[in-house]
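Peer 1: The sequence and its predicted three-dimensional model are supplied below.
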Amino acid sequence: MKAATVQEIKLELQQLPQTKVTELCLRLARFKKENKELLTYLLFEADDMPLYIKHVNEEVDALFETINKSNVYFVKKTLRKIVRTAAKYVRYSGSETVEAEVLIYLCTRIKELGTTINSNTIISNIYKAQLKKIDKVIAAMHEDLQYDYVKQVRKLG
C-alpha cells in the first residue's frame, strides 16, 4: 500500500467532520508512542515553550542519572540514547529557540561528565556534533537572539 502525500491527507481531513477527525487522531495515538507524545505536545505544551524546555531538560537530567560510568562503552551508548531523545523532543517543537536551548543544556551536561570527553574520541565527536548543530541553528536565528546564544556556546567551547 502506497501512502498518500501530505497534501492529499490535508485535503481529505478538511472535508471530514470534526468528530471524525478527533476519532482518527485518537486511533493514530494508539499505534505509536511517538504519535501520542506529539499529540501531547501539540495539545498541552505547545503554548508554553519555557515550560516545555524545562520538561525536556528534566528528562535529559533523568537520563544522565542512568549513565553507567563503570565502562566507557556504556557511557557512549547512553549518551547516544540521550541525544536521540533530545532530538525527538526538539523535532516535536520545530522551534529554533527550543532546539538551541535544549542542545546547549545537553552540551553543558556532557561537559559535566568530565575527563571522559577528552579521553574518548567517540564521546568527543558526539559533543562536537552537538556543538555544530547549535552553531547551525543559531546562524538561522534573528541577530538579536544570536548574541545571547553565541555567548552561551562560547562557554561550552
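Peer 2: Thanks, I have it.

Peer 1: going forward, measure contacts between C-alpha atoms and count neighbours the same way
Peer 2: Fine.

Peer 1: Give me the below-cutoff pLDDT ranges for this protein.
Peer 2: Scanning the chain for pLDDT under 70 picks out the ranges 115-116.

Peer 1: Which helix in it has the most residues?
Peer 2: The residue-count maximum for a helix in the chain (DSSP state H) belongs to helix 72-93.

Peer 1: Return the alpha-carbon coordinates of that helix using CSV.
Peer 2: Written as CSV, here are the backbone C-alpha positions of helix 72-93 (Å, rounded to 0.1, in the frame of the first residue of the first chain):
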residue,chain,number,x,y,z
VAL,A,72,33.2,4.0,28.6
TYR,A,73,31.1,1.7,26.3
PHE,A,74,28.1,2.2,28.5
VAL,A,75,28.7,6.0,28.7
LYS,A,76,28.8,6.2,24.9
LYS,A,77,25.7,4.0,24.5
THR,A,78,23.6,6.0,27.0
LEU,A,79,24.9,9.3,25.6
ARG,A,80,23.7,8.4,22.1
LYS,A,81,20.3,7.5,23.6
ILE,A,82,20.1,10.9,25.4
VAL,A,83,21.0,12.7,22.1
ARG,A,84,18.3,10.8,20.2
THR,A,85,15.7,11.6,22.9
ALA,A,86,16.6,15.3,22.9
ALA,A,87,16.4,15.4,19.1
LYS,A,88,13.0,13.8,19.2
TYR,A,89,11.6,16.4,21.6
VAL,A,90,13.2,19.2,19.5
ARG,A,91,11.6,17.8,16.4
TYR,A,92,8.2,18.0,18.1
SER,A,93,8.5,21.7,18.7
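
Peer 1: Show me which positions of whichever helix or strand comes after it end up buried.
Peer 2: Per DSSP states H and E, the first helix or strand lying C-terminal to helix 72-93 is helix 96-111. Going by neighbour count (16 or more other C-alpha atoms under 10 Å), the buried part of helix 96-111 is 96-108, 110-111.

Peer 1: Run the angle between helix 96-111 and helix 72-93 for me.
Peer 2: If you take axes from the mean of the first three to the mean of the last three C-alpha atoms, to 10 degrees, helix 96-111 sits at 170 degrees to helix 72-93.
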